[in-house]
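K.L.:
Below are the sequence and a predicted model; questions follow.
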Amino acid sequence: MRVHFIAIGGAAMHNLALDLLASGWQVTGSDDEIYEPALSRLENAGISPQKFGWFDDKITSDIDVVILGMHAKKDNPELVRALDIGLKVVSYPEFVASQSAHKKRVVIAGSHGKTTTTSIILHVLKNAGLSFDYLVGSYIEGFDRMTQLSDAPIIVIEGDEYLSSPIDLVPKIHHYKPHLSVITGISWDHINVFPTFEIYTEQFSKYIELHEQNATIFYDQEDEVLCQVVLKSERKDITFVPYSSLGLSAQKQVVFEETHFDFPLIGRHNQKNASAAMLVCENLGIDRFDFFKYLQSFTGAKKRLQVLWNKPETKGFLDFAHAPSKVKATVTSVKEWFDMPLIAFLELHTFSSLNEGFLSEYKDTLNSADKSFVYIDGHTLQMKGKTAIENKTIQESFGDPELEIITDKEALHQIITDFDFTNGVVLFMSSGTFSQFDFKTFAEKII
């Protein structure tokens, strides 16, 4: 089979391309920009575009399926050509769903905690020796790729609620029709496609209705909005199972059947993620004792409270937190976990976070930090077609007149480099890169 990827450089897209290549597919693709590590991984596999851009002559009648990424536009020349000659064009969630039609589908959905919950499940399933496929939004130790499609009887999918493609304008989670799922919580995000909280919440109501018959849904019983969505569901055949945080001992261990297990993660929000993962794994045949045994060796997903350095007098973490609920949960958890001053750096990088009308959703999210910085990259504003926001507006939105605003790349990198992190915890939060700041080299100097 021959497949062509339009916007092959995306995180999910390039991993799917690499997996299909490894499975014997003929793979080609295009993109107008590809960042690391995707670029090197595609180059090493021999399927990186020779030239950046869109070229309609790449679209030929011998292509079996075109997979369209969200980064492309509706007037993309390759997309227009593919539709004109009648090729099959699908989004990647639609493709994954079609390849998983005969599998037991496990989907982890919600506004936050999806990647960590999914990653824990994959780690435990692998250690337990189960055969499974997967789609996850980050790199995990022990896995070569973020995607695998094979003849395994189970697939575990991190279910994103963002739209599927420019011509497939439904949330990705609406494609998967799970037999078993987790909903971690609902907190408004993606205002460019869900302009009101009600419209955003409705996507999860629809998601519930799209489950297979007699499905099971685990949901966070402490999330009031989610509980209301569950309560309003008309699917009487679905089993709804509430969950809460795992309890830890004073030594931050899980105690089960008189055995003490180390808990490898930080924060109460991750105790919830582990609780949800435990219920899923139990449903798939792994008992709780084994779950906690395997959980001890979990090292986390990349950029999910990823340890940059860890010394007695100073600690550094890099986290994907960007939406308000994620930022607040991360900052609060890290502050509670360590009896040390907390310095927080937050990059506003998403379309929603750079929208002045949405900024008030961040009110008090950084309050637990002892010192906070917010960074906005001018290039990001330009790429997303947004205008600069006044510093005072940002400070008022966060509810912190002492909040320090940085808008210059060189100034940001200098502040980080010169800052005295001794006797403190530093937390870097973004779905971006802090303008390609070299955290690895910086951390090595501190260590």
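P.N.:
Nice, I can see it. Numbering: from 1, shown residues only.
K.L.:
so how far is the helix or strand bottoming out on mean pLDDT in the chain from its chain's centroid?
P.N.:
When the helices and strands of the chain are compared on mean pLDDT, DSSP states H and E, helix 378-383 comes out lowest with a mean of 86. Centroid separation between helix 378-383 and its chain, computed with Cα atoms, centre = their mean, to the nearest Å, is 22 Å.
K.L.:
what's the average pLDDT for the helix or strand following it?
P.N.:
Next helix or strand after helix 378-383 toward the C-terminus (DSSP states H and E): helix 391-398. Helix 391-398 carries an average pLDDT of 96.
K.L.:
And helix 391-398, what does it pack against?
P.N.:
If you count contacts as 3 or more Cβ pairs under 8 Å, 6 or more residues apart in numbering; DSSP states H and E, helix 391-398 packs onto strand 371-375, strand 404-406. Bear in mind the C-beta positions are built from the backbone N, C-alpha and C, glycine included.
K.L.:
which residues are contacting it?
P.N.:
With Cβ atoms under 8 Å, 6 or more residues apart in numbering as the test, helix 391-398 has contacts from 356, 359-360, 362-366, 372, 374, 401-403, 405.
K.L.:
swap the cut-off to 7 Å and go again
P.N.:
356, 359-360, 362-363, 365-366, 374, 401, 403, 405 (Cβ atoms under 7 Å, 6 or more residues apart in numbering).
K.L.:
what sits against the nearest residue to residue 371 once chain neighbours are set aside?
P.N.:
Here the nearest residue to residue 371 in space, its sequence neighbours aside, is residue 343; by Cβ to Cβ, 6 or more residues apart in numbering that works out to 4.8 Å. Taking Cβ under 7 Å, 6+ apart, we find residue 343 in contact with 369-371, 421, 424, 426.
K.L.:
Please apply the same query to residue 72.
P.N.:
6-7, 79, 166.
K.L.:
Can you report how many residues neighbour residue 98?
P.N.:
Look at residue 98: counted by other Cβ atoms under 10 Å, it has 11 neighbours.
K.L.:
tell me the phi and psi of it?
P.N.:
phi -70, psi -30 (degrees, to the nearest 10).
K.L.:
Now the spatially closest residue to it that is not a sequence neighbour: which helix or strand?
P.N.:
Leaving out its chain neighbours, the residue that sits closest to residue 98 by Cβ to Cβ, 6+ apart is residue 90, at 7.3 Å. If you go by DSSP H and E, residue 90 is part of strand 89-91.
K.L.:
Repeat that for residue 261.
P.N.:
Per DSSP H and E: strand 259-262 holds residue 261.
K.L.:
And the next helix or strand past that strand?
P.N.:
Assigned by DSSP H and E, the successor of strand 259-262 is helix 268-283.
K.L.:
Which elements pack onto that next one?
P.N.:
Counting contacts by 3 or more Cβ pairs under 7 Å, 6 or more residues apart in numbering; DSSP states H and E, helix 268-283 is packed against helix 114-128, strand 180-183, strand 216-220, strand 239-243, helix 288-295, helix 324-337.
K.L.:
Let me know the next secondary structure element after the longest one.
P.N.:
By that I understand helix 114-128. Later in the chain than helix 114-128, the nearest helix or strand by DSSP H and E is strand 133-135.
K.L.:
what's the closest of the helices and strands packed on helix 268-283 to residue 40?
P.N.:
For residue 40, the closest of these is helix 114-128, at 22.0 Å, according to Cβ to Cβ.
K.L.:
That closest one - what's its average pLDDT?
P.N.:
Average pLDDT, helix 114-128: 97.
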